[in-house]
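Asks: Here's a sequence, model it:
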Amino acid sequence: MKRIISLLSAAAVCTAALTAPSSSYADNPYAPALLSPVSAADSTIFNFTFESGTEDWEGRGAAAVESSSSAALNGSKSLACTGRSESWNGAAYPLPASFSAGTAYSFSANIMYDKGKSTDLFHLTLQYNDANGEANYDKIASGTAVKGDWLQLANTNYTIPSGATDMIIYVETDSSRNSFYLDDVAAASAGTVISSNASGNFILGDVNGNGTIDAADLSEAKRGLLKGEYSTFRSEFASDVNQSGTVTIADVVWIYKFVTLAVSDYPEKAEPENPIGEEDEPFDYNPALSYQASPDYYFNTPAQAGKIVKESYSSINGQKSLWVYTPYGYDESQKYNIFYLMHGGGENENLLFSDEVHLKEMLDNAIYEGKLDPLIVVTPTFNGGNCTAQNFYEEFRASVVPFVESKYSTYAESTSPEDIEASRMHRAYGGFSMGGVSTWAVCRNCLDMVGYFMPLSGDHWGANDANGKAQDIANAIDASGYERDKYFIFAATGSDDIAYPNVNPQIQAMKNLPQFTYTSDLSQGNLYFMVAPGLTHWWGYVRHYVIQILPYFFHEK
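Replies: The predicted structure follows:
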């Protein structure tokens with residue numbers, strides 16, 4: 001270790017500034033070229049500051065734009081672009097007729113985002129029609145931004161393709177749906193370098209953010225490693241060259257080797273164990289949780305309330321509907337855990353968000369007080385067609401999840417079976433009474449889709465006695481191949497509930513099987529049964545179970 005640090009100290013005398021070799025970095029979004037900011041003088045064709053409104057900019061696709069005082073590079077306002085459901089949704093401006101095809105211009109736009117992953121790749125793009133009237137899309141400039149930092153997208157000599165008509169410039173992302181801010185968008189004559197006080201494009205290894213990887217970066221990376229702290233999030237993130245989530249001596253050695261020309265390629269990217277800036281605090285579980293009703297004010301609407309929307313979809317059992325709850329501040333660029341909650345027999349999808357149950361208000365208050373992380377809640381139905389509580393899992397797999405999670409922002413990157421399985425620890429299913437029966441059926445048949453289960457006042461109907469019911473679930477788990485820390489069952493009922501005599505023996509039998517470890521500390525086990533003394537078979541009680549159990553979900557990933 002001392003020998004390596006000495007080697008690094010010796011390398012610090014190196015003063016040559018090295019830019020990232022184009023042969024190795026040309027296809028790397030972390031290493032776009034930088035511009036040195038100078039004045040555009042009198043060659044400016046337009047310059048949008050958004051101080052007086054949207055200034056003829058429009059949302060592209062599902063995106064919406066508005067002048068916002070929430071962030072600004074200069075002045076007091078910028079253009080906020082929100083509601084993006086696809087990466088190509090963004091902020092757009094039709095170029096005036098004075099812009100000529102085949103002519104070169106200088107373009108510049110400054111962007112910033114403050115929610116989402118640590119970095120995001122942005123593009124300033126030209127949409128135009130060619131001579132055949134077909135739409136074409138050409139990247140004017142691209143760059144990787146660090147969350148919270150302004151980035152300039154600029155090209156001093158971009159030539160509009162010959163024959164182009166109906167030209168529109170717009171800002172988009174490469175793959176994310178993050179909301180973002182746009183400020184100081186300008187165009188000028190070719191060769192003009194338009195000034196910007198943005199931080200610039202992000203380059204791994206460029207610790208001080210000046211656009212090159214040199215001895216100064218080596219010195220700052222070494223200092224941060226030895227002190228255990230960095231001056232900015234950006235400098236720490238840039239020092240983590242192999243993107244392992246932690247800056248180590250291996251990262252600093254790579255910068256040394258790059259500066260001394262010993263290497264020219266980035267090291268292989270590591271799988272991050274604790275992504276920088278994205279760690280989760282351990283959840284404080286109670287290992288023996290007991291029933292506690294929510295306070296009375298949970299039935300009132302708090303200052304920050306979510307929304308409910310009724311959706312219609314085509315299912316394998318015909319045309320059906322369901323309700324979707326999105327939390328206050330729902331942002332399509334963010335990922336949300338999702339909970340599917342099923343009604344009981346003789347009920348339907350409309351009950352749970354009605355004034356009879358007040359589930360929406362209870363969710364709103366739990367989220368508002370910070371007891372529950374913002375999440376999406378869906379209330380489907382097993383009514384209709386050939387569907388029953390016991391076979392609803394078929395519609396859940398084939399119709400409900402694909403419909404909901406193609407429209408709402410969950411951890412599923414797509415609705416392919418592979419991506420649904422990859423996101424299963426961010427998906428929960430529960431239900432009351434016959435909805436509890438459906439929960440056990442989903443558990444038995446959809447373990448590849450769901451990681452958390454909440455059966456409420458309902459038992460498994462897969463066998464005739466408690467031991468058979470428990471073993472049937474255990475057999476399904478064995479067939480799935482999942483280890484005990486990859487599935488969690490948190491059941492509940494009242495001691496005077498009509499379902500208790502059936503549920504309790506099943507749970508007791510499950511406790512004796514090797515597939516289960518009984519505790520409400522889900523970091524240590526995967527099965528728990530909360531019994532509310534004296535309570536009966538009624539949503540007026542069960543709604544409290546839901547609000548008490550949900551905060552225990554989604555921490556074990």
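
Asks: OK, contacts around the residue nearest the centre of the chain?
Replies: Centroid-nearest residue in the chain, with Cα atoms, centre = their mean: K335, separated by 2.7 Å. By Cβ atoms under 8 Å, 6 or more residues apart in numbering, the contact set of K335 is S409, T410, Y411, H426. C-beta: built from backbone N, CA, C; applies to glycine.

Asks: switch to 6 Å and redo it
Replies: Taking Cβ atoms under 6 Å, 6 or more residues apart in numbering, we find K335 in contact with Y411.

Asks: what do you get for S235?
Replies: V207.

Asks: Show the model's pLDDT score for T232.
Replies: pLDDT recorded at T232 is 80.

Asks: Quick one: find the helix or strand in the chain with the lowest mean pLDDT.
Replies: Using mean pLDDT, DSSP states H and E, the weakest-scoring helix or strand in the chain turns out to be helix 22-25, at a mean of 30.

Asks: what's the following helix or strand after that one?
Replies: Read in the C-terminal direction, the helix or strand following helix 22-25 is strand 44-48, with elements assigned using DSSP states H and E.

Asks: any residues touching the helix or strand following that next one, and which ones?
Replies: Counting by DSSP H and E, the next helix or strand C-terminal to strand 44-48 is strand 58-60. Under the criterion Cβ under 6 Å, 6+ apart, residues V65, N89, G90, A92, Y170 lie in contact with strand 58-60.

Asks: Next, the last one: phi, psi?
Replies: When quoted as degrees, to the nearest 10, the phi and psi of Y170 stand at phi -150, psi 160.

Asks: If we ignore the residues flanking it in sequence, what's nearest it?
Replies: In space, and not counting its chain neighbours, Y170 is closest to A92: 3.7 Å by Cβ to Cβ, 6 or more residues apart in numbering.

Asks: how about that neighbour, secondary structure?
Replies: Following DSSP: H, G, I helix; E, B strand; the rest coil, we place A92 in the strand state.

Asks: Show me what it is bridged to.
Replies: A92 has these beta-bridge partners by DSSP bridges: E58, Y170.

Asks: Enumerate every residue touching it.
Replies: A92 neighbours (Cβ under 6 Å, 6+ apart): E58, R60, I168, Y170.

Asks: tell me how far the ends of stretch 187-198 are from each other?
Replies: Stretch 187-198 stretches 17 Å from its first residue to its last (Cα to Cα, to the nearest Å).

Asks: What of stretch 378-385?
Replies: This stretch, stretch 378-385, spans 20 Å end to end (Cα to Cα).

Asks: Report pLDDT for the residue nearest to N300 when sequence neighbours are not counted.
Replies: Once flanking residues are discounted, N300 sits nearest to E361: 6.3 Å by Cβ to Cβ, 6+ apart. Listed pLDDT for E361 reads 97.

Asks: can you count the residues close to E361?
Replies: Other residues lying near E361 total 20 when counted by other Cβ atoms under 10 Å.

Asks: next one: P501
Replies: Other residues near P501 come to 9 when the count uses other Cβ under 10 Å.

Asks: which SSE is it in?
Replies: Assigned by DSSP H and E, P501 belongs to helix 500-511.

Asks: again with R223
Replies: Per DSSP H and E: R223 is located in helix 215-227.

Asks: Tell me the buried residues in that helix?
Replies: By neighbour count, with 16 or more other Cβ atoms under 10 Å as the criterion, the buried positions of helix 215-227 are A215, A216, D217, L218, S219, E220, A221, K222, R223, G224, L225.

Asks: what about stretch 420-427, how long is it end to end?
Replies: End-to-end distance of stretch 420-427 (Cα to Cα): 9 Å.

Asks: avg pLDDT for it?
Replies: Stretch 420-427 comes out at a mean pLDDT of 96.

Asks: and what of stretch 137-157?
Replies: 92.

Asks: quick one: the strands in the stretch 301-450 of the chain?
Replies: Along the stretch 301-450 of the chain, the stretches classed as strands by DSSP state E, counting those that start in this stretch are 307-315, 318-326, 337-342, 375-379, 427-432.

Asks: Adding distance to N300 and mean neighbour count as columns, could you present those in a markdown table?
Replies: A markdown table is the format used below for the strands of the stretch 301-450 of the chain (distance: least, Cβ to Cβ, whole Å; neighbours: other Cβ atoms under 10 Å):
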| stretch | distance to N300 | mean neighbour count |
| --- | --- | --- |
| strand 307-315 | 16 | 14 |
| strand 318-326 | 17 | 18 |
| strand 337-342 | 21 | 26 |
| strand 375-379 | 19 | 23 |
| strand 427-432 | 23 | 29 |
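
Asks: The ones you listed into CSV, with extra columns for distance to S118?
Replies: Formatted as CSV, these follow (distance: least, Cβ to Cβ, whole Å):
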stretch, distance to S118
strand 307-315, 29
strand 318-326, 25
strand 337-342, 20
strand 375-379, 23
strand 427-432, 25
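
Asks: To S106, which of these lies closest?
Replies: S106 sits nearest to strand 318-326 of all the strands of the stretch 301-450 of the chain, at 41.7 Å, using Cβ to Cβ.

Asks: Identify the residues contacting that closest one?
Replies: With Cβ under 6 Å, 6+ apart, strand 318-326 has contacts from 306-312, 349, 353, 376-380, 384-385.

Asks: Run the angle between it and strand 375-379 for me.
Replies: Here the directions of strand 318-326 and strand 375-379 differ by 150 degrees (axes from the mean of the first three to the mean of the last three Cα atoms, to 10 degrees).

Asks: how close does P551 sit to Y336?
Replies: 15 Å (Cβ to Cβ, to the nearest Å).

Asks: So which of these two has more stuff around it?
Replies: Remark: of P551 and Y336, Y336 carries more neighbours, 21 against 16, as counted by other Cβ under 10 Å.

Asks: and A412, what is it in contact with?
Replies: E405, D419, I420, S423.

Asks: My read is that the second one contacts E413, right?
Replies: Yes. The pair formed by D419 and E413 meets the contact definition of Cβ atoms under 6 Å, at 4.6 Å.

Asks: which ones are touching L513?
Replies: A474.

Asks: How about the secondary structure of it?
Replies: Counting by three-state DSSP, the backbone at L513 sits in coil.

Asks: quick one: it from R484, how far?
Replies: Between L513 and R484 the distance is 11 Å, computed by Cβ to Cβ.

Asks: can you check L151 too?
Replies: With distances taken as Cβ to Cβ, L151 is found 45 Å from R484.

Asks: Between the two, tell me which one has more neighbours.
Replies: Shown here are L151 and R484; by other Cβ under 10 Å, L151 has more neighbours (26 against 14).

Asks: is the nearest residue to that one once chain neighbours are set aside in a bridge, and if so with what?
Replies: Spatial nearest neighbour of L151, chain neighbours left out: A145 (3.9 Å); criterion: Cβ to Cβ, 6+ apart. Beta-bridge partners for A145, by DSSP bridges, are D120.

Asks: residues contacting A145?
Replies: By Cβ under 6 Å, 6+ apart, the contact set of A145 is D120, F122, L151.

Asks: What residues does the last one make contact with?
Replies: Meaning L151. Counting by Cβ under 6 Å, 6+ apart, L151 touches I111, G143, A145, A198.

Asks: What distance do you get for it to S108?
Replies: Taken as Cβ to Cβ, the span from L151 to S108 is 11 Å.

Asks: Same question for the second one.
Replies: Taking Cβ to Cβ as the measure, F122 falls 13 Å from S108.

Asks: same deal with the first one?
Replies: In this structure, D120 lies at 19 Å from S108, with Cβ to Cβ as the measure.

Asks: higher neighbour count, these two?
Replies: Between D120 and S108, counting by other Cβ under 10 Å, S108 is the more crowded of the two (28 against 24).

Asks: Tell me the pLDDT of that one.
Replies: S108 is assigned 95 on the pLDDT scale.

Asks: Which strand or helix spans it?
Replies: strand 104-112.

Asks: go on, F283?
Replies: Using DSSP H and E, no helix or strand contains F283.
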